[in-house]
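> Everything below, folded, please.
(chains A and B)
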Amino acid sequence: DGGITQSPKYLFRKEGQNVTLSCEQNLNHDAMYWYRQDPGQGLRLIYYSQIVNDFQKGDIAEGYSVSREKKESFPLTVTSAQKNPTAFYLCASTERGRRNTDTQYFGPGTRLTVL
Amino acid sequence: RKEVEQDPGPFNVPEGATVAFNCTYSNSASQSFFWYRQDCRKEPKLLMSVYSSGNEDGRFTAQLNRASQYISLLIRDSKLSDSATYLCVVNVGGGKLIFGQGTELSVKP
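Have a look, this model is predicted:
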């Protein structure tokens, strides 16, 4: 089955620890994204990558880091510099359709709780 | 002003009702538009893309007005299973999508 997987589904960490969230896709999509969602709010873009070995900051990149060494993988590290890391983290990838519509598909998400 | 703004919710409607959601966007160079559905504690899923001519998929109709920078979603004959949060999404170019804050719909028996 083709799709986007994120692991783990739930993650608990102590304050001050770095943590890495996994995102893998086998859809052969070029572009991948990380979003953060807080309760009752929309998605905010953290980082995105349109091609291997290249990525751009989104609107709330401070306290996060990413890498894109392989097309299939786009891990996100939440560092201790992120002041309020507890949130729902969503990874997505983009298919470029015939109308150039950039339809975006999401993984199931990781709920990070920092204690 | 937010780049994408949606009707504040929640919308509480009876089964069978028709409900409309509105969304405005600020970037006139926006290229493409979508409605996503998000169930509680789940990931967003694409409901439909929005084309300039308007498009319909069963009970769902999406419309785009580029002059007014406005997008709408109409749901006819609401079902209990339509209860979810509906996200308006705008592609502003450069591979970047902007999400509205979402409008919650609750369909009651």
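> ok, now how distant is B:Asp57 from B:Val50?
Applying Cβ to Cβ, to the nearest Å, the value for B:Asp57 to B:Val50 is 11 Å. Quick note: C-beta positions are derived from backbone N, CA and C, even for glycine.
> element containing B:Leu46?
strand B:44-50 (DSSP states H and E).
> Using CSV, write out every CA atom in that strand.
Only the C-alpha atoms of strand B:44-50 are listed here, as CSV (Å, rounded to 0.1, in the frame of the first residue of the first chain):
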residue,chain,number,x,y,z
PRO,B,44,-6.7,16.2,7.4
LYS,B,45,-8.0,14.4,4.3
LEU,B,46,-8.7,16.0,0.9
LEU,B,47,-12.4,16.6,0.3
MET,B,48,-12.2,18.4,-3.0
SER,B,49,-10.1,20.7,-5.1
VAL,B,50,-11.8,24.0,-6.1
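> need the contact list for the closest residue to B:Glu56 other than its chain neighbours.
For B:Glu56, ignoring the flanking residues on the chain, the nearest one in space by Cβ to Cβ, 6 or more residues apart in numbering or on different chains is B:Ala62 at 7.8 Å. Neighbouring residues of B:Ala62 by Cβ atoms under 8 Å, 6 or more residues apart in numbering or on different chains: B:33, B:35, B:48-51, B:54-56, B:71-74.
> how about the residues of chain A near chain B?
Counting by Cβ under 8 Å from any Cβ of the partner chain, chain A comes close to chain B at A:31, A:33, A:35, A:40-45, A:48, A:50, A:58, A:88, A:90, A:94, A:99-109, A:111.
> Filter those residues down to the ones in strands?
Judged by DSSP state E, the subset of the residues of chain A next to chain B located in strands is A:31, A:33, A:35, A:43-45, A:48, A:50, A:88, A:90, A:94, A:103-106, A:111.
> how about those residues, which pair is most distant?
A:Gln50 and A:Arg111 (27.1 Å; Cβ to Cβ).
> Could you figure out how far the strand holding B:Leu46 is turned away from strand A:43-51?
Calculated by axes from the mean of the first three to the mean of the last three Cα atoms, to 10 degrees, strand B:44-50 forms an angle of 80 degrees with strand A:43-51.
> For strand B:44-50, name the packing helices and strands.
strand A:103-106, strand B:32-38, strand B:55-57, strand B:60-65, strand B:70-75 (3 or more Cβ pairs under 8 Å, 6 or more residues apart in numbering or on different chains; DSSP states H and E).
> That strand pairs with which strands, and in what direction?
If you go by DSSP bridges, strand B:44-50 pairs up with strand B:32-38 (antiparallel).
> Keeping just the C-alphas, turn the partner strand into CSV.
What follows is strand B:32-38, C-alpha atoms only, in CSV (Å, rounded to 0.1, in the frame of the first residue of the first chain):
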residue,chain,number,x,y,z
SER,B,32,-5.1,26.7,-6.3
PHE,B,33,-7.6,26.0,-3.6
PHE,B,34,-8.8,23.0,-1.7
TRP,B,35,-11.2,21.9,1.0
TYR,B,36,-10.0,19.3,3.5
ARG,B,37,-11.9,17.5,6.1
GLN,B,38,-10.4,16.7,9.5
